[in-house]
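Engineer: When you get a sec, could you give me coordinates for this:
(one chain, ligands or ions: 1)
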Amino acid sequence: MRHVNQWAIGNVTVHKIDETQFSSRIGAWLLPDVDPDDISDSRHRTPGGGIASGTHSFALVSEGLKILVDTGIGNDKPRANPAWDHLDTPYLDRLTEAGFSPGTVDLVLLTHLHADHVGWNTVLRSGRWEATFPQAEYVMNRAERDYWKNAALEPSRAAMIGDSIEPLEALGLLSLPDVPPDGLDITPEVRLIPTPGHTPGHLSVLIQSEGFQALISGDALHHSIQVERPEINASVDIDGSQARSTRLDLLRWAAKDHLLLLGSHFPSPTGGYVETEGSTFRFRPVGNG
Ligand SMILES: [Zn+2]
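Structural biologist: You can find the predicted model right below:
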């Protein structure tokens, strides 16, 4: 199996860096209202017929900057979820193979502060959590960091923030811009777009080059079945009604402007176009990536 796949968006090549594939048990927990039999693309079901999902990052170069979007679950992390606990994956080898060795990454864009999106922010070295990407500026929406600062945290979440966010803050590597509703340019080709609902400060990442566009959707969607059934929320969406309206807006936009949708938990094929079909949409995968 190839663990690095890519798409060309004009002059920008977006690489997918695989981390994990989840079992159907995780899919059923994430999307309890989905009947796996309704998933038309068998590649988005597990071999046993369940809901397939996984974790990966996207990596790209824009204006000479090496940019990573989300950092998966990470290795060695103590986590309450057994599927995420003390992972040992060759994710960094895959990242390096794609041309993004950790010391060369300039920017890490974090869609939101959940354990499966910030894990590789840090690595365990001699019993300490150190920045995996020591030359990088890590970027998160200020509203997202503020929300978790003010939330009552269960111990496991506090531990996650302690091992994956606070070490960056101590090093001065975490940047917290206020991302306005219409977005914030990171480079002329890369723009952060607020897509709240799953979490209050959730971001998607828009890539535009030479008239082509792609959107990394973070957890605005967890599975391609939500393209056809945008009313279905994930169990972990914090504000269900906002998540639903954000998802619908995003899909309308993707269909109208021919955005390549890159799903942050979609198994391969991970990228595809959104087409209007009757009163809803369908996901038309591009390639096998
Ligand atoms: Zn997630």
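
Engineer: So Arg284, which state does it fall into?
Structural biologist: strand (DSSP: H, G, I helix; E, B strand; the rest coil).

Engineer: I'd say it and Glu275 touch.
Structural biologist: Yes. Assessed by C-beta atoms under 8 Å, Arg284 is found in contact with Glu275 at 5.6 Å. Just so you know, the C-beta spots here come from the backbone N, C-alpha and C atoms, and that holds for glycine as well.

Engineer: Can you give me the neighbour number for Leu65?
Structural biologist: 16 (other C-beta atoms under 10 Å).

Engineer: how close does it get to the ion?
Structural biologist: Note on Leu65: its distance to the ion, by C-beta to the ion, to the nearest Å, is 24 Å.

Engineer: cool, and His222?
Structural biologist: From His222 to the ion the distance is 7 Å (C-beta to the ion).

Engineer: Can you name the residues that contact that residue?
Structural biologist: 30-31, 53, 234, 263, 265 (C-beta atoms under 8 Å, 6 or more residues apart in numbering).

Engineer: Quick check: residues of the stretch 101-250 of the chain near the ion?
Structural biologist: 116, 219 (C-beta under 5 Å from the ion).

Engineer: which residues touch stretch 159-176?
Structural biologist: 74, 77-79, 113, 115, 118-119, 121-122, 128-131, 134, 136-142, 145, 148, 153.

Engineer: gap between the two ends of it?
Structural biologist: 21 Å (C-alpha to C-alpha, to the nearest Å).

Engineer: Stretch 278-289 now?
Structural biologist: So stretch 278-289: terminal residues 27 Å apart, C-alpha to C-alpha.

Engineer: buried sites along it?
Structural biologist: Using 16 or more other C-beta atoms under 10 Å as the test for burial, stretch 278-289 gives 281-283, 285, 289.

Engineer: and if you look at stretch 147-154?
Structural biologist: For stretch 147-154, using 16+ other C-beta under 10 Å, the buried residues are 147-148.

Engineer: Could you check how far that stretch is from the centre of its chain?
Structural biologist: 21 Å (C-alpha atoms, centre = their mean, to the nearest Å).

Engineer: circling back to that earlier point, which of the buried residues of stretch 278-289 sits closest to Glu63?
Structural biologist: When those are compared for distance to Glu63 (C-beta to C-beta), Gly289 wins out at 23.6 Å.
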